[in-house]
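Sequence isn't available, so here's the structure alone:
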């Protein structure tokens with residue numbers, strides 16, 4: 001169990017696949033273009049601006065910048081620092097399945113965003129009944 005960010009130091013040397021998936025998910029949360037988080041933030045900010053909530057859009061951008069700084073700190077610690085512990089971080093099987101599924105979805109969204117957005121809109125429209 002990881003309680004402190006320092007426990008993730010050197011994760012890239014101990015478990016490179018988990019480190020890549022971890023970094024990729026954080027880049028998506030940060031809103032790096034062409035990842036899932038970028039499109040989510042783009043749609044939310046676009047709807048705020050179109051409805052006239054400019055202050056809320058600016059507030060969302062500022063909080064996004066602050067959270068991106070925190071994500072980058074975690075990514076630097078996991079990929080560029082030396083490990084504190086000599087044994088790799090043990091990840092339960094269910095957690096590794098969830099991590100690999102989320103990373104696969106993000107990769108699918110990176111390479112085929114139009115088809116993924118089409119699936120989401122079809123699901124949305126079927127649930128609303130339009």
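Thanks, I have it. Fair warning: this is a prediction, and the values are worked out from it, not measured in the lab.

For residue 5, see how far away residue 68 is.
Going from residue 68 to residue 5 by Cβ to Cβ, to the nearest Å gives 16 Å. Every residue, glycine included, has its C-beta placed from N, CA and C.

neighbour count winner among these two?
residue 68 (17 against 12; other Cβ atoms under 10 Å).

Show me what the helix or strand hosting the more buried one is packed up against.
Element membership of residue 68 [criterion: DSSP states H and E] is helix 54-80. Where contact means 3 or more Cβ pairs under 8 Å, 6 or more residues apart in numbering; DSSP states H and E, helix 54-80 is packed against helix 11-14, helix 16-30, helix 36-51.

Out of these, the one nearest residue 93 is which?
Residue 93 lies closest to helix 16-30 among the helices and strands packed on helix 54-80, at 12.9 Å (Cβ to Cβ).

Output the helices and strands packed on helix 54-80 in JSON lines, with distance to residue 72 and mean pLDDT appended to each entry.
Formatted as JSON lines, these follow (distance: least, Cβ to Cβ, whole Å; pLDDT from 0 to 100):
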{"stretch": "helix 11-14", "distance to residue 72": "15", "mean pLDDT": "84"}
{"stretch": "helix 16-30", "distance to residue 72": "7", "mean pLDDT": "88"}
{"stretch": "helix 36-51", "distance to residue 72": "14", "mean pLDDT": "89"}
